[in-house]
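Chemist: Here is the input, now give the coordinates:
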Amino acid sequence: MAALALLALAMTVLACPPAHAAPRHATPPAPAQLYGLPEACLAHVIAAPLLTNSGSPIIPATFNATSGLSYVSVTQGRMGVYAGSPYDFPVESTIRIQTIAGTGKTYTTVLNELRISNGTAQGIPAVMEGIGRPQINDQPVLGIIGYDILSNYNVLFDFPARRMVLFLTTDTPECTPNANWLGADAMGTPLLPDTTRRLTGITVQIGEHPVRMEIEPGADMSSLTRKVARTIGLSGAILHQDMNVRTNAGRILTGHRHHFDNVTIGAWRDLPLDVNIEKTTYNVLGMNFLRRRRILLAFPQGMLFMTPQQAMPDDRGQATHGLLSTRTAVARLIDMSPPADATPPARPDGAPPPP
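Modeler: Have a look, this model is predicted:
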């Protein structure tokens, strides 16, 4: 009888319905994304379309009460404005500047209001870029949005999606930007300060030689100074075999274009890179390298993250012709003698500048 009871118990166990089996663990849903970024980590977002992904990026913007376009430049030290007439902006004082082509002077002024999409800032210190506004596709170019605005944010240049995103993050450890935010194949490298502590450069190793290069989407081509070219072993005889080039950067620069296959950036090795060798004042990593990538400048933490170039058509867009013909507008100005009482500009979200 005992044996029959055990058999009956065994049969009972075998007949248990599948509902009593161990539950399966469901795959958690992927975190919600906004512009390809983790939405839960974003505290404030300003997004604007990039109207070209070839030459200098331009975005829609409003300066004071005038709507038009603005260049975007990482190494532009202070907001730049074009005046439609000599009376558009008050002239305050003379200021010495440095461009990629040399040194000079201009005048300080104030932009009363800047609007980028849903962001607004008032009372922004600026420098005069000139009298007369360039035109791109019948729209006026009003100025240059530079480091003094961009550095208050994390800045995503999503060139494949033709979008620029300025954003702040929530104050939690898991919301610190990192390479994985851009994808498993992305890479990160530290941003380096310049002499005025602006985080605008990275280390690019060419062969055995580490070279500081400025991240500059405002430049169509990457470039090296002649001094650096000699340091890394590019003699006049070598350059004589390369293609001749001319660049308009406030004045005409002449030089040669050289191709490298032994470039290292962060964890990436043996990268190809074309650079112009010209009589310039600093080195630039420009759009010929940045194009078709997602570039995240995490200024608050001093890091640059980027993806490999995507295999996509090199869409230059109609606006490119205007950009190339007005290259003088994107000369990279660096304030060499800021006023002692200068105050940081307000962020375009209306909040006070960070300490």
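
Chemist: how about the strands of the stretch 151-300 of the chain, start to end?
Modeler: Ranges of strands in the stretch 151-300 of the chain, per DSSP state E, counting those that start in this stretch, are 154-158, 163-169, 187-190, 192-193, 199-206, 209-215, 222-225, 243-248, 252-265, 268-278, 284-285, 294-298.

Chemist: So which elements touch the longest one?
Modeler: The one in question is strand 252-265. In terms of contacts (3 or more Cβ pairs under 8 Å, 6 or more residues apart in numbering; DSSP states H and E), strand 252-265 is packed against strand 199-206, helix 236-240, strand 243-248, strand 268-278. Backbone N, C-alpha and C define where each C-beta goes, glycine included.

Chemist: who does the last one touch, helix- and strand-wise?
Modeler: In terms of contacts (3+ Cβ pairs under 8 Å, 6+ apart), strand 268-278 is packed against strand 222-225, helix 226-231, strand 243-248, strand 252-265.

Chemist: any idea which of the ones you listed scores lowest on pLDDT?
Modeler: Mean pLDDT per stretch puts strand 243-248 lowest among those, at a mean of 82.

Chemist: Quickly run through the sheet partners of that strand, with directions.
Modeler: Here strand 243-248 has these sheet partners by DSSP bridges: strand 252-265 (antiparallel).

Chemist: which outside residues touch the strand it pairs with?
Modeler: Contact with strand 252-265 is made by 101, 187, 189, 202-207, 221, 223, 226, 229, 234, 238-240, 242-247, 270-280, as judged by Cβ atoms under 8 Å, 6 or more residues apart in numbering.

Chemist: how about the strands of the stretch 151-300 of the chain, which one is nearest residue 59?
Modeler: Proximity to residue 59, assessed across these by Cβ to Cβ, is greatest for strand 163-169 (6.0 Å).

Chemist: between the closest one and strand 154-158, how many degrees?
Modeler: Put simply, strand 163-169 runs at 160 degrees to strand 154-158, going by axes from the mean of the first three to the mean of the last three Cα atoms, to 10 degrees.

Chemist: Between strand 294-298 and strand 163-169, find me the angle.
Modeler: Per the same axes, to 10 degrees, the angle that strand 163-169 makes with strand 294-298 is 30 degrees.

Chemist: which of the helices and strands packed on strand 252-265 is buried the deepest?
Modeler: Of all these, strand 199-206 has the most neighbours on average by mean count of other Cβ atoms under 10 Å, namely a mean of 22.

Chemist: Each with direction, which strands does it pair with?
Modeler: strand 192-193 (antiparallel), strand 209-215 (antiparallel), strand 252-265 (antiparallel).

Chemist: Please work out which of the ones you listed is packed deepest.
Modeler: When those are scored by mean count of other Cβ under 10 Å, the highest mean neighbour count falls to strand 209-215 (a mean of 19).

Chemist: quick one: contacts of it?
Modeler: In contact with strand 209-215 (Cβ under 8 Å, 6+ apart) are residues 74-75, 191-192, 194, 200-205, 222, 224, 228, 231-233, 282-285, 290, 295, 297, 304, 332.

Chemist: and with 6 Å instead?
Modeler: Applying Cβ atoms under 6 Å, 6 or more residues apart in numbering, the external contacts of strand 209-215 come out as 74, 75, 200, 201, 203, 204, 228, 232, 282, 283, 284, 285.

Chemist: pLDDT score assigned to the fifth one?
Modeler: I take that to be residue 203. So residue 203 comes in at 98 (pLDDT).

Chemist: Would you mind reformatting the strands of the stretch 151-300 of the chain (as CSV) and adding columns for distance to residue 117 while you're at it?
Modeler: Putting these into CSV (distance: least, Cβ to Cβ, whole Å) gives the following:
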stretch, distance to residue 117
strand 154-158, 14
strand 163-169, 9
strand 187-190, 27
strand 192-193, 29
strand 199-206, 24
strand 209-215, 22
strand 222-225, 29
strand 243-248, 30
strand 252-265, 31
strand 268-278, 32
strand 284-285, 27
strand 294-298, 18
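
Chemist: among the ones you listed, which is nearest residue 128?
Modeler: Of these, nearest to residue 128 by Cβ to Cβ is strand 243-248, at 19.4 Å.

Chemist: Could you export the closest one as CSV, CA atoms only?
Modeler: Below are the C-alpha coordinates for strand 243-248, written out as CSV (Å, rounded to 0.1, in the frame of the first residue of the first chain):
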residue,chain,number,x,y,z
MET,A,243,48.9,68.7,-53.7
ASN,A,244,49.0,72.4,-53.4
VAL,A,245,46.1,74.0,-51.5
ARG,A,246,44.7,77.5,-50.8
THR,A,247,42.5,78.3,-47.7
ASN,A,248,40.6,81.5,-47.0
